[in-house]
Structure formats: C-alpha cells, structure tokens
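[1] Predicted coordinates and the sequence they were generated for:
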Amino acid sequence: MKYFLQRIAFYLFTLWAAITLNFFIPRLVPGDPVQSLIAKFRGQLSTEAINSLYVLFGLDDDKGLWAQYIDYWQQLFRGDLGLSFTFFPSPVSQIISDALPWTVLLVGITTVISFLIGTGLGVFAGWRRGSWTDGLLPVTTFFSSVPYFWLGIIAIYLLTGPDSFFPSSGGFDSALVPAWDQYFIPSALQHSLLPALTILISSVSGWILSMRNMMVTVSSEDYITVAHAKGLSERRVAVSYAARNALLPNISGFALSLGFIVGGTLLVEIVFSYPGVGFILLQALGAKDYPLMQGIFLVITIAVLVANLLADLAYLLLDPRTRKEG
Amino acid sequence: MTIPTSSTAQVIPGQGAMAAPESAKPGRAKRQRFLFLKNKKASFGLVILGFYVLFAIIGPWITPYDPDARSNDLIQPPSADHWFGTTHLGQDVFSQVLDGTRPVVFVGFLAGAIATVLSVIIGITAGYLGGKTDDTLSALSNVFLVIPAIPLMIIITSILDSASNLLIALIIGLTSWSWNARVLRAQTLSLRRRDYIEAARATGEKTWRIVGFELLPNLTAVIASGFIGTVIFAVLSLITLAFIGIVSAAGWNWGTILFWAQGQQALAQGAWWWFVPAGLAIAFLGTALSLINFAIDEFVSPRLRSAGKTKLKTASGGTVRMRIGFTPVLSNSAEPHTRAQIHPDAMTPVAREAAK
C-alpha cells in the first residue's frame, strides 16, 4: 500500500510538472507572437480569441506571472482549455473529447496486444536460444527501425485500393453516423484494422527483444536448474519459473516506454486520416492553433500517466514483494 | 587443443584463447583491442554507419542535380538519368536523399551527444552522491521519462517558428536524456559499493577522481549503448518533425521528402519511388545503429550472444541441446556421464592413469 501511495504521489507531481511546463512554453516565444498571428489571419480572429491569445502567451501586462499562473490553474479546474481557432468557436475541451475515444481505443488495445504477442514470442525466443528463432531478431530489428508512419504509407500503397477490403483513410464509412449499432461498429473495426496492424508490426519487436534478453538472463539462475533437477516438465519450467520472473522488468519497461509509443502512434493516425488526437494535432499545427496544441499535449500526458498507473497496479498484483507491509 | 567435442569452446565463443594462455601471449593485446569488431553484428553495423557518415560529409557535393532545381521530367519513375525518379516539380529524388543525409546524421549525433552528456552528469551524480540529491534528480528524470517526448518536441518546435537544425538537435537532446540517466544511476549504484571504489575512497582519492577514473571507465559500455539508442531516437524524432512539416525551413532531410510526397498525394499517383528510398535510408541507418547496440550488449553480457550451434552431436551419435546453467546428463549408467572422447594428450596425468 505504501508503494502504491508513493506512485500516486509521483504521478501527481509529474502532472503538476507537465501543467507547469505547458504554462511556461508559450511564454518562451520571443517577440509578440499574437501580433504575427493576427497579421496571419487578417482579421478573421474575433476580439475574444485575441484576448485569450494574449492571456495564453502571458502578454497582458496588468498581471504578474504568479497571478497568471493562478488563473491558468483555475481555468484548468473548470475544464476550460480555451477556444480553438481551427474549429472556431468550439472550445478545445470539446474537440479533444470527441477525438480522444478513437485514439484510446486504437492505441490502447493495439499496444496491449503488441505487448502480449511480443512478450510471448520473446519467452519462446529466449528459451529456444540458438535455434531458428535467433533468425527472427534481425527481421524485427529492421521493422522497429522503420518509422511507424512510413510503414503506414507502405501499407496503404500495397494493401488498399478501389476493390480492397482495407479502407485507406478515415475512422468509419462516411455514409454512416457514429452510433453504437450494427452498421457503425463493423465499419469502425474495418477502418481500424490497417492502422492497428501498422502499430503492431513496428512496436512488437521491442517487446520480443527485451523479453528474450530477460529470459536468457533468468534461465541461467540457480532456481531454474533446481526446477530442471526436480524433473518438472520443460513447459512448466519455461512458463512458471523463467517467464514469470523475466516478466517483471518488462512490465515496468512497458509503463516507461508508453510515452515513446504514443508519440509514434499519433503519426499513424495522421497517415491514415484516423479521426483521433494525432489527426487533430496535425490540423492544429497547420493553423498554428496554440490553445488546441497545448490542450492535446496535456490530455496525452494525462492519458500516459493513467496508463502508467494501470501498469503499476498490474505490477502490484504480479510482484508480491511490493505488497509487503512496512 | 585437440579435444574433439570441446563443449567449453562451443559455449563461450571468443574465449578459446583462455585454454592456451602461454602460446597466445604476443597476439593477445591485439586480440583484446579488436575483440569488439570480431562480433559480426558490430562490424556490419559499423560499416553501414561508416557509409552514412561518408555520405553525410560528401553528399551535398556529389549530388547529380541541385535538389531544389525544377525540370520538365515531372513524376518520372527511376531511370538512368534520375536513379530514384523525380517529384511533382521535376526535382531529382536521389539528389534530395543524398543532400538530406547530412542534417539527419548531424542532428542525430549532436542530439545524442547532448543527451549523453546530460544523462552522465545527472545519472552518475544521483547514483554516486545518493540521499536528497538522488531523490531530486531521480524524480526529475522520471518526470521527463513519463511525459511523452514527441508531442512535447512538436509543440516546442512549432512555437519556435522556423527552427534551425542546431536548435532542433538541442530540443531533442534536452527532452530525451532521461532513459539513459536512469540506467546510469542504477549502474552507478551497483558499482558504488564495490571494493575497488571503497579502496579508492579509503586511500583519500578526491571524488572527481573516483568518478572520472574509477567509475567512468566501467560505465563506458552503458554510456555508449545509451548514446547509440539516443541517436536512433533523435533521427526518428527529426524525421517525424519534418514529416508533419514544422521544420521545413531547415533544408532537405528525409522527413521533408516524405512530407512533400505525402502532401502531393504520391500514393494516389503510384509514385512509390518518391517515398521508398527515404524510408529505406531511415530503416537501414536505424538497423545499423541497433546492431551496434546489440553488439555492445553482448560484449558486456556474454550470455546474450546468439550461441550459434547449440545442438551438439555426441560421439555416440546422440543429440544434446546445450543450455546455460544446465548440464545435460547423457545416460543413467554408473559410468562417468560423458561420451566425449578425450584425446590422450589433453588428459591430466591423473586421468591418464585412470584410463590405463
């Protein structure tokens, strides 16, 4: 329990750090970015939007930095992330909450599947070291070096077409209205297959490799020899003795590398025009929509923190040492 | 050295010299120095990396065309004139790929160097000093580890309009040091209480000397592998930033090529040559760097080496699978549990007596 409370405290601290970072980044911009934005949009911005921009960049002179910081927190607690000017006048929070479920479902499910498959293959490759499975490593290395989005482009080129099963873009058939019914769900699944496959192929190799290395390290421990000496079946030794112990570092690795994975998957969404957070981010970048960009960064960070917390819970269940009181 | 099924030499490749120390004396120093290169993964990776560095230096001078120059050959497939085909403006893709090598290699290595220096300072300080310093620095690196780096980079780069390659390298370096710092801290913690460090402390060596001359040499492999890992990450980050079009001011790199290919619907026009070369260039660079990293891992921890042949034929025709920490028992008889035929010259005097 103490372990768990420590982790919660750490995540709260990280959240605070991320929010503070988010507060300071726009204030680092040299010069007067608002003037250049106003010039860029040539009068398309309303006075309200211009005012919120001045607040965002910390350029309203009548307030000190501390007062601005307090204001920023008060806004956040109200769930107010400002107004987007790509999708003016929608508030940022509404745009993100529309896009977030797509990303969470696609990236979340795919990452977990990738971890499970990769770990399984890694157990096998580590246990059968020196057999043909070693030939798997160069292939997976190559795939992990390919940028996610490039693999997506190639997949679109090779697998989609006028009469292909795989649609090349979007999250659902444009003739349908999002709803939980028998038409929409199969269409959404069909559209997410190719992006999911892309993420799976490029992220699975990392898990294979780290699990293989842990298995190789663990399988020379004394307790493995003892298990063999007891005459336990090969399978039992591999799964209940070696893999179980090799899994723990891999799970903490899973938690820590989530931030890296999310960055790569945003790009996959862009390539497939998948209606998730990454695609919105691209539009925000094109329009220099700073409130939307910052909102997205904040939401991604919170999502990664929550995922980390879940991974910690899994660790708590798997490793009895962390449950020990005192 | 005439033991027929010499199992030790099979299991620990590269250490065969241990068995005959007296005969290998003169060649030994040389062998030690280039041991790392004897690893096939290391030499293969270094050769590929060498080509990339070469093209990074000479690339912009040997491009057959100006990468920006337009011509009338619009969207042509690869030919003798244009090896990688042309773009929608008639620009030569081969020239763009060559010209784009320099920024990629430059940003990759500079960002890697910045992140490595930071991680060494933070990781070793935290691990060696311990206490409050350790708590603070560990919390700092954990925070940077958990905050998603790519979105952060995207936002910073986008806000600093038209960033140069130098600035991008700086941003990538400053946001990607945390993983190495964590690894280095753990390694320093385990070294800190070793006898030789205690001895150095007891003889009154200064802290900077212990860190510089006792700790650092033993952390070389960890630092090197962290550096290579960061270079891979930095290259991918630069490509990502360029692909979404927020560093287009910084000249050609492979990501910019992909950005234009995507923006001009290269896929819909079937122009595969527009995005395949740049992607393969990234993939091979990444593979080369990963191979070097595997080699370093295997160099440090010989257990991880692909052991080559693990199935051995015994003299009696049976097959045994070798495994570390596990000695195969070949028969249930009371006889000595080996069927390996030992050459009489290789026997110890006692064994020779027993064999008679």
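    Happy to help now that I have it. Here the structure is a predicted model, which means the values were calculated and not measured. Numbers count the residues shown, from 1 in each chain, chains lettered A, B, ... in the order given.
[2] Work out for me the element residue A:50 sits within.
    Element membership of residue A:50, judged by DSSP states H and E, is helix A:47-56.
[3] now for whichever helix or strand comes after that helix, which elements pack on it?
    In the C-terminal direction, the helix or strand that comes right after helix A:47-56 (DSSP H and E) is helix A:65-77. Helix A:65-77 sits against helix A:2-24, with contacts defined as 3 or more CB pairs under 8 Å, 6 or more residues apart in numbering or on different chains; DSSP states H and E. Where C-beta positions appear, they are placed from N, C-alpha and C, glycine not excepted.
[4] Touching the helix it packs on from outside, list them.
    Here helix A:2-24 makes contact (CB atoms under 8 Å, 6 or more residues apart in numbering or on different chains) with A:68-69, A:72-73, A:76, A:294, A:297-298, A:301-302, A:305, A:308-309, A:312-313, A:316, A:322-323, A:325-326, B:139, B:142-143, B:146-147, B:152.
[5] follow-up on the earlier one: averaged pLDDT, the helix holding residue A:50. What do you get?
    Averaged across helix A:47-56, the pLDDT comes to 70.
[6] go on, stretch A:18-28?
    81.
[7] For it, buried residues please.
    Neighbour-count burial for stretch A:18-28 flags A:18, A:19, A:21, A:22, A:23, A:25, A:26 (criterion: 16 or more other CB atoms under 10 Å in any protein chain shown).
[8] Residue in the stretch 201-326 of chain A with the shortest distance to chain B?
    In the stretch 201-326 of chain A, the residue found nearest to chain B is residue A:263; the distance is 2.6 Å by CB to the nearest CB.
[9] Thought residue B:240 was touching that residue, still the case?
    Yes - Residue A:263 lies in contact with residue B:240 (CB atoms under 8 Å); the separation is 7.4 Å.
[10] What's the separation between residue A:25 and chain B?
    6 Å (CB to the nearest CB, to the nearest Å).
[11] who's in contact with that residue?
    A:294, B:155, B:156, B:159 are the contacts of residue A:25 under CB under 8 Å, 6+ apart.
[12] Can you pull the residues of the stretch 101-250 of chain B lying near chain A?
    B:139, B:142-143, B:145-152, B:154-156, B:158-160, B:179, B:232-233, B:236, B:239-240, B:243-246 (CB under 8 Å from any CB of the partner chain).
[13] Restricted to helices, list those residues.
    B:139, B:142-143, B:145-146, B:149-152, B:154-156, B:158-159, B:179, B:232-233, B:236, B:239-240, B:243 (DSSP state H).
[14] buried subset of the residues you listed?
    For these, buried by 16+ other CB under 10 Å: B:142-143, B:145-146, B:149-152, B:154-156, B:158-159, B:179, B:232-233, B:236, B:239-240, B:243.
[15] residue in the stretch 51-200 of chain B nearest to chain A?
    Closest point on the stretch 51-200 of chain B to chain A, by CB to the nearest CB, is residue B:150, at 2.6 Å.
[16] tell me, what residue is most central in the chain?
    The chain I'm using is chain A. Centroid check for chain A by CA atoms, centre = their mean gives residue A:262 as the closest residue, at 2.6 Å.
[17] The intended chain is chain B.
    residue B:293 (2.5 Å).
[18] Can you show me the strands along the chain?
    Looking at chain A here, since you left the chain open. Counting by DSSP state E, one finds no strands in chain A.
[19] Chain B, not that one
    Counting by DSSP E, the strands of chain B are B:311-313, B:319-321.
[20] Of all the residues in the stretch 1-150 of chain A, which one is nearest chain B?
    Counting by CB to the nearest CB, the stretch 1-150 of chain A gets nearest chain B through residue A:145, at 2.6 Å.
[21] give the contact list for residue B:234.
    B:107, B:108, B:111, B:112, B:115, B:169, B:172, B:173, B:176.
[22] Sketch out the low-pLDDT regions of the stretch 101-250 of chain B for me.
    Within the stretch 101-250 of chain B, the segments meeting pLDDT under 70 span B:161-162, B:248-250.
[23] Now do the helices in the stretch 51-200 of chain B.
    For the stretch 51-200 of chain B, the helices defined by DSSP state H, counting those that start in this stretch cover B:93-129, B:131-146, B:149-159, B:165-175, B:178-192, B:195-202.
[24] ok, now chain A?
    Counting by DSSP H, the helices of chain A are A:2-24, A:33-41, A:47-56, A:65-77, A:92-127, A:136-145, A:148-159, A:184-218, A:222-229, A:234-236, A:244-271, A:277-286, A:290-318.
[25] quick one, which of those helices is packed in tightest?
    Of all the helices of chain A, helix A:277-286 carries the top mean neighbour count, a mean of 24, counting by mean count of other CB atoms under 10 Å in any protein chain shown.
[26] Contact distance from chain B - what residues of the stretch 1-150 of chain A qualify?
    Counting by CB under 8 Å from any CB, the stretch 1-150 of chain A sits next to chain B at A:10-11, A:13-14, A:17-18, A:21, A:25-26, A:28-29, A:33, A:129-131, A:134, A:137-138, A:141-142, A:144-147, A:149-150.
[27] Mind putting the contacts of residue A:25 into TSV with distance to residue A:209?
    Shown next, in TSV, are the contacts of residue A:25 (distance: CB to CB, whole Å):
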residue	distance to residue A:209
A:294	35
B:155	31
B:156	30
B:159	36
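[28] Closest one to residue A:251 out of the residues you listed, please.
    residue B:155 (29.6 Å; CB to CB).
[29] My read is that the closest one contacts residue A:295, right?
    No - between residue B:155 and residue A:295 there is no contact under CB under 8 Å: 10.7 Å.
[30] check contacts around the closest residue to chain A within the stretch 251-356 of chain B.
    For the stretch 251-356 of chain B and chain A, the shortest gap (CB to the nearest CB) falls at residue B:286, measuring 2.6 Å. Neighbouring residues of residue B:286 by CB under 8 Å, 6+ apart: A:144, A:145, A:146, B:232, B:235, B:236.
[31] cool, residue B:91 as well?
    With CB under 8 Å, 6+ apart, residue B:91 has these contacts: B:65, B:67, B:68, B:69, B:70, B:71.
[32] how near is the residue lying closest to the last one once chain neighbours are set aside to residue A:302?
    Among residues not flanking residue B:71 along the chain, residue B:90 sits closest, at 3.6 Å (CB to CB, 6 or more residues apart in numbering or on different chains). The spacing between residue B:90 and residue A:302, counted by CB to CB, to the nearest Å, is 47 Å.
[33] what's the distance between residue A:187 and residue A:172?
    5 Å.
[34] go on, residue B:45?
    In terms of CB to CB, residue B:45 sits 44 Å off from residue A:172.
[35] what's the nearest residue to the residue of the stretch 51-200 of chain B closest to chain A if we skip its chain neighbours?
    Here the nearest residue to residue B:150 in space, its sequence neighbours aside, is residue A:263; by CB to CB, 6+ apart that works out to 2.6 Å.
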